[in-house]
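Chemist: What shape does this take:
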Amino acid sequence: QVQLVESGGGLVQAGGSLRLSCAVSGRDFARHSMGWFRQAPGKERDFVTSISSSGGTTDYADSVKGRFTISRDNGKNTVYLQMNSLKAEDTAVYYCGASRQWARGPRSTTGYVYWGQGTQVTVSS
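Modeler: Take a look at the predicted model:
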């Protein structure tokens, strides 16, 4: 059984930074590509970024490119999301997901088999 636990969310002013973490329990973390998604009230869960199992390939939504950075530490079974220059429109619940694909994290939620419970990020303008 794989469990994902996100942390690091909170309230921040526009222009500020936050670092989210997603700790993964269970075996074979290094075989999973990982992704971060976000969901604002009344909206669908949208792709933010993903990272391959080795960490060598990353992908970003246009809306966060240049501001967010995804990374992973396979020794600590953890994936991170560094968020800089935050905007009010970044406000959402952020979820991490684990995919059985290893070469590239999918952009669709259907590509992920495990999810965390989410962490709230609120950016005040």
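
Chemist: Quick check: chain neighbours aside, which residue is closest to the spatially most central residue of the chain?
Modeler: Central residue check for the chain by Cα atoms, centre = their mean: the C-alpha nearest the mean position is that of W36, 2.3 Å away. Spatial nearest neighbour of W36, excluding adjacent residues (Cβ to Cβ, 6 or more residues apart in numbering): V48 at 4.4 Å. To be clear about C-beta, it is placed using only N, CA and C from the backbone, and glycine gets the same treatment.

Chemist: tell me the contacts of the one you found?
Modeler: G35, W36, F37, R38, Y60, A61, V64, F68, L81, Y94 (Cβ atoms under 8 Å, 6 or more residues apart in numbering).

Chemist: Count the neighbours of the nearest residue to the fifth one once chain neighbours are set aside for me.
Modeler: What it means is Y60. Once flanking residues are discounted, Y60 sits nearest to T49: 4.8 Å by Cβ to Cβ, 6+ apart. A total of 23 residues lie near T49 under the criterion other Cβ atoms under 10 Å.

Chemist: quick one: T49 is in a strand?
Modeler: Yes: membership of T49 in a strand is supported by DSSP: H, G, I helix; E, B strand; the rest coil.

Chemist: shift numbering so it begins at 16
Modeler: Okay, using 16 as the starting number, the last item reads as T64.

Chemist: Give the bridge partners for it, please.
Modeler: W51, Y75 (DSSP bridges).

Chemist: Isn't it up against L96?
Modeler: Yes: contact criterion Cβ atoms under 8 Å: T64 and L96 qualify, at 6.8 Å.

Chemist: Now the common contact residues for these two.
Modeler: What both T64 and L96 touch, as defined by Cβ under 8 Å, 6+ apart, is the set W51, F83, I85.

Chemist: and which of the residues you listed is nearest V17?
Modeler: In terms of Cβ to Cβ, no member of those lies closer to V17 than W51, at 16.3 Å.

Chemist: pretty sure the closest one contacts L35?
Modeler: Yes: the pair W51 / L35 is scored as a contact, 7.3 Å apart, by Cβ under 8 Å.
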